[in-house]
Structure formats: structure tokens, C-alpha cells
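Return atomic coordinates for the entry below.
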Amino acid sequence: MHLDAILPPTSLRALPELARAAEAAGFGALWTAETQHDPFLPLALAAEHTQRVHLGTAIAVAFARSPALLAYSAWDLADASDGRFILGLGTQVRAHIERRFGMPWPESPVGKLRDQIAAVRAAWRTWQTGERLNHRGPYHKLPLMTPFFNPGPIDHPAIPIYIAGVNPALCRLAGEVADGFLSHPYHSVDYLRRVVRPAIDAGAARAGRHPGEIRLTVTAMTAVDDSEAGFARMQIAFYASTPTYRPVMAHHGWGEAADRLQALARRGAWDEMGSLISDEMLRTFAVVAPEADLPAALRERYAGLADRLSLYTPYSPGTRDAFWARLVQELGAA
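Prediction:
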């Protein structure tokens, strides 16, 4: 199990020092999220200022971009990083695609993402081998690639694609076409074992693949004191209020709580939502342990299940350095 780091939203000016510190700390990979900044640009700087650590988007919003834009960005980052780049894609939810990105929501999100991944890989094959580009799918048709627009082959063309999701349909798609699955921070171990992993395995079987080919990457919520527990309750409540994610709460018999959270979110009553997350819910969706016991608690929960592990708390050098050093040492040794 590799211990990775989530990079915080920050300016590009801060990235070189941040990336160097994270690599020196011993993390296996650095992940950027598409929240307040573009997820690709920081990794270009991270690639320049590191030598070993892997670099990935967790996630880049797929439906906000064309397959060609995704293909070009990933190709350049794979080349710049000497093959350390991982393209992590997510669908986002309909409201954000339509109202934040101004893009259409597809009739079949799973079908569009499948077609998008196939189109990206078709472009990569053309650039690497010189074969004619002729992708024709239900959402994307790419029959044109002239030499002027072809970046040409690179040394590390086998770029891993990970996809993110919560519900079984996207898990099955990961098993069919992806190299890895990025589990949502809002999860339980039981949900991962009984819903996520079986769906990935079913998709792999459908595609004639071995389930072990698909790596499971987990981001864990943690709480080492009352302040972090309060923050975790708010994050759990926020995610549980999303209608798309209701099955996670329902899996544990808390569907009515999810409905109440949705009602509060519609009213904008954000401050009230955390109080609906009981201690049992908190411990189900977050690893709650004193700081000294956290590495062992993480190992107990995720060993044998996650291939890569990161904390929901972003890594920031100069802040809790001893905490991060102990996590890397104890989980890296495991």
C-alpha cells in the first residue's frame, strides 16, 4: 500500500517548493483536485521539480473537456515526468457540469465516459504509432489528425487512466476500461468491500480482464481530535446530502438521514447538517483515532484493500511535519 499526498489548492508560485518537500517526505504520489484551480498546470511544475514521485489528477472533470484536450494534456505531462503521470478522471454531478462549467450533461454519463476514454486512447495510439485516427463512438468522432497537430511519440506512452465514482455503474466501468479506481473520500470499508470492489471485479470479468489489474486508490477522512471530528462530520454531511451519493448512506440503513440532509442543503442550512452525523456514522466514514494510533488504525482498515492511500487532509510542508513523517515511516514500512 503506497501512501500518497493530496496537494492543497494553492498558487502555481508555491508548487515547486511544495512538490520538492512532498517528494522528500517520502510520499508515493502527489494528487491534484479540480476545485479552485486547474488540476493539470500544477503537475507540470511538479514534474519539473521532482524525480521519483508519481503525479496524478484526482480528479480532472472529464465532461468539462473534449477528448483531444485531455489527450494533449496527459501526453505532455507523461513526457515531462518521464512516465510518472496518472490521468484521473471524474464525471462530477449534473448541476456542476451544466451550471459551473456550462457544458451539457450526457444522456448516459457512463456511456460518455467510456467513449471519452476510448477516444483519448485512440489519439495516443495515433501519436505513438502513426496509425490513422478513426475513433467513431456514440458521443465522440475523431477522424482527423494531420502531422501539423500530431505531437509525435514519447518514451512512456502507456499512460494509466483512473476513474472516480461512488455508485456501481462507474465501478464496473473502471473494471472494464480503466487502470485504477479513485474511491470517493465519502465511503465506508464495508461499502468498498461489498459494493465497490465486487462491481470493479464484475466489470473486469465482462471485459476478460484480471481484477488485480485495476488498482484501488482510497482517500481516507481522519479525525485525531474534537476539532477534526467536527470538520469530518460537516464533510460527511455535505457529501451525504448529494442525491447521487444517497446509496452510500442507504447501504448502512441511514437513507432517511440522507433525505433529511438533502432537505437541509436545499434550504442552505449548512450549519445544521453536521449535527445529524452520529458518532456511529462518523466512525463508519472516517478513521477516528488519537494521532499516535492513527497509522495503525489506517493500516487495520485499509491493508489488503487499498493499493494506494492518501488522507483527505492536504499535505502542507511546515505544518505538522512530524505527523506526516510518522505516517510515511509507519505506513511505508507496512
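
Now for Leu12, how many residues are close by?
Neighbour count of Leu12, defined by other C-beta atoms under 10 Å: 12. From N, CA and C alone the C-beta is placed, and that goes for glycine too.

separation between it and Leu18?
Look at Leu12 and Leu18: by C-beta to C-beta, to the nearest Å, they are 10 Å apart.

burial measure for His184, as a count.
So His184, with other C-beta under 10 Å, has 18 neighbours.

Which residues lie in contact with the closest residue to it other than its chain neighbours in this structure?
Nearest residue to His184, sequence neighbours excluded (C-beta to C-beta, 6 or more residues apart in numbering): Val166, at 4.9 Å. Neighbour list for Val166: His184, Tyr186, His187, Thr244, Tyr245, Pro247, Val248 [criterion: C-beta atoms under 8 Å, 6 or more residues apart in numbering].

so can I have a markdown table of those residues showing secondary structure and distance to Phe285?
Putting those into a markdown table (DSSP: H, G, I helix; E, B strand; the rest coil; distance: C-beta to C-beta, whole Å) gives the following:
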| residue | secondary structure | distance to Phe285 |
| --- | --- | --- |
| His184 | coil | 10 |
| Tyr186 | coil | 6 |
| His187 | coil | 7 |
| Thr244 | helix | 16 |
| Tyr245 | helix | 11 |
| Pro247 | helix | 14 |
| Val248 | helix | 8 |
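
Tell me which two in those are the farthest apart.
Spatial extent of the contacts of Val166 (C-beta to C-beta) is set by the pair His187 and Thr244 at 13.8 Å.

Which of the two has more residues huddled nearby?
Between His187 and Thr244, His187 has the larger neighbour count (other C-beta under 10 Å), namely 22 against 16.

Quick check: the gap between the more buried one and Met273.
19 Å.

so where is this protein shaky, pLDDT-wise?
Within the chain, the segments meeting pLDDT under 70 span 333-334.

quick one, strands of it?
For the chain, applying DSSP state E gives strands covering 2-3, 5-6, 29-32, 54-57, 60-61, 85-90, 135-136, 141-142, 161-165, 180-183, 215-223, 286-288, 308-311.
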